[in-house]
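Novice: sequence plus the predicted model coming up.
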Amino acid sequence: MQIAGRIESPAPQSDEERQRLREVREKVKEEFPPRDQPLLQPVTVGIGAQIRAAREAQGLTWNSLAQKAGIPNASIVRDLEFGREVTSQTSRQSSPPSG
């Protein structure tokens, strides 16, 4: 399968066209404002920060680190990095059924 080239629209030719496009963009921004950044950020100190630094230094994803560490679900690694509480109950809920 061959991917077609990009479709490019010509640049606005006149000042009126540029102004019209500016107005359209502003109207769209009003109707569909950009999302705020998520409030939850990775921790910067503690074990979560150490795990993240080591994982990134080795070029690992959450999933690949979880597999290497024998952690049943990559979301546990994410939760640790974001400073969320991870309990044995959490890891049991996310682990696949045995047997």
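Specialist: Great, that's in hand. These numbers come from a predicted model, not from an experiment.
Novice: can you show me the CA trace of the lengthiest helix in the chain as CSV?
Specialist: Using DSSP state H, we find that the single longest helix of the chain is helix 15-31. This file holds the C-alpha atoms of helix 15-31, laid out as CSV (Å, rounded to 0.1, in the frame of the first residue of the first chain):
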residue,chain,number,x,y,z
ASP,A,15,-5.6,40.5,3.0
GLU,A,16,-9.4,39.9,3.1
GLU,A,17,-8.9,36.1,3.0
ARG,A,18,-6.3,36.3,5.7
GLN,A,19,-8.6,38.3,7.9
ARG,A,20,-11.5,35.9,7.3
LEU,A,21,-9.3,32.9,8.3
ARG,A,22,-8.1,34.7,11.5
GLU,A,23,-11.8,35.3,12.4
VAL,A,24,-12.7,31.7,11.8
ARG,A,25,-9.7,30.5,13.9
GLU,A,26,-10.8,32.8,16.8
LYS,A,27,-14.4,31.7,16.6
VAL,A,28,-13.3,28.0,16.7
LYS,A,29,-11.1,28.7,19.7
GLU,A,30,-14.0,30.3,21.5
GLU,A,31,-16.3,27.3,20.7
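Novice: so where's the protein shaky on pLDDT?
Specialist: Low-confidence segments of the chain, defined by pLDDT under 70, are located at 1-7, 12, 37-38, 88-99.
Novice: buried residues of the longest helix of the chain, list them for me.
Specialist: For helix 15-31, burial by neighbour count (16 or more other CB atoms under 10 Å) applies to no residue. For the C-beta atoms, the positions are set from N, CA and C on the backbone; glycine is no exception.
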